[in-house]
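Engineer: Predicted model, plus sequence, below.
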Amino acid sequence: MNDTRCTWANMANPRYIAYHDHEWGVPCHDETTLFEMLNLEGAQAGLSWETILNKRDNYRLAFDGWDADKIARYDDVKVAELLANPGIVRNRLKVAAAINNAQAYLRLREQGLTLSDYLWAFVDGKPIVNDWPDGSRPARTELSDRISKDLAKRGFKFVGSTIVYAYMQGIGMVDDHDRACLCRRRR
């Protein structure tokens with residue numbers, strides 16, 4: 001049986017293996033997960049994904065299970081609590097971005113759009129399955145550029161094209177598994 005995984009997956013970290021095998025490249029339509037991943041990808045900027053993945057449970061606790069209604073109302077007391085929390089990345093701009101993103105997400109919903117409907121419309125509801133030579137994935141694409149610009153126009157923060165492309169991979173809008181990866185069997 002093939003047990004080869006993508007070259008980026010840290011085989012020594014069980015969280016990383018589970019993320020690679022069961023989430024990365026798997027289409028996601030769950031609103032809470034989509035909102036969580038958008039913010040976690042932004043929190044990852046300048047850091048490794050493994051750092052964020054290892055803090056994911058702490059993030060869920062600190063950010064009220066990624067309840068956008070609650071996060072949108074965070075006040076200075078809650079921000080101070082978050083900035084003192086060693087279980088998350090204590091970066092003022094990234095914490096502020098999560099609050100801002102909750103507000104932008106609520107505005108999207110007020111317009112009658114779910115995050116799932118909004119995002120998946122960019123790919124006509126079907127994941128893009130790429131066939132890059134192993135390890136040669138791009139950091140961004142024309143599509144991630146377009147989504148990044150639209151998210152920013154809608155008020156979202158920490159949504160640059162590179163972050164958005166990683167997000168697209170993480171939520172399965174794009175399947176970029178290596179040619180030799182065991183997860184290619186899902187295709």
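Structural biologist: Right, received. Where do you want to start?
Engineer: mind checking how far the residue positioned nearest the centre of the chain is from residue 178?
Structural biologist: By C-alpha atoms, centre = their mean, the chain has its centre lying nearest to residue 37, at 3.0 Å. Separation of residue 37 from residue 178 (C-beta to C-beta, to the nearest Å): 21 Å. Glycine gets a C-beta too; all of them are placed from N, C-alpha and C.
Engineer: so which helix or strand takes in the residue nearest to the centre of the chain?
Structural biologist: helix 31-44 (DSSP states H and E).
Engineer: Summarise which helices and strands the next helix or strand after that helix is packed against.
Structural biologist: Once the chain leaves helix 31-44, the next helix or strand it forms, by DSSP H and E, is helix 49-62. Contacts defined by 3 or more C-beta pairs under 8 Å, 6 or more residues apart in numbering; DSSP states H and E place helix 49-62 against helix 14-22, helix 31-44.
Engineer: which of the residues in helix 49-62 are buried?
Structural biologist: The neighbour-count check on helix 49-62 (16 or more other C-beta atoms under 10 Å) flags 49, 50, 52, 53, 55, 56, 59, 60, 62 as buried.
Engineer: Can you show me the CA trace of whatever helix or strand comes next after it as CSV?
Structural biologist: Reading on from helix 49-62 to the C-terminus, the next helix or strand found by DSSP H and E is helix 68-71. C-alpha atoms of helix 68-71 as CSV (Å, rounded to 0.1, in the frame of the first residue of the first chain):
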residue,chain,number,x,y,z
ALA,A,68,-18.4,35.2,14.2
ASP,A,69,-21.3,36.8,16.0
LYS,A,70,-19.4,36.7,19.3
ILE,A,71,-16.0,37.7,17.7
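Engineer: Now do helix 68-71: which elements does it pack against?
Structural biologist: helix 92-110.
Engineer: so how far is the helix it packs on off the chain centroid?
Structural biologist: 14 Å (C-alpha atoms, centre = their mean, to the nearest Å).
Engineer: again with stretch 76-91
Structural biologist: On C-alpha atoms, centre = their mean, the centre of stretch 76-91 falls 20 Å from that of its chain.
Engineer: That stretch spans what distance, first to last residue?
Structural biologist: This stretch, stretch 76-91, spans 14 Å end to end (C-alpha to C-alpha, to the nearest Å).
Engineer: buried sites along that stretch?
Structural biologist: 78, 82, 85, 88, 89, 91.
Engineer: So which of those residues is the closest to residue 107?
Structural biologist: residue 78 (20.4 Å; C-beta to C-beta).
Engineer: Does residue 130 touch residue 173 like I think?
Structural biologist: No - using C-beta atoms under 8 Å, residue 130 makes no contact with residue 173, being 11.2 Å away.
Engineer: which one of these two has more residues nearby?
Structural biologist: residue 173 (24 against 15; other C-beta atoms under 10 Å).
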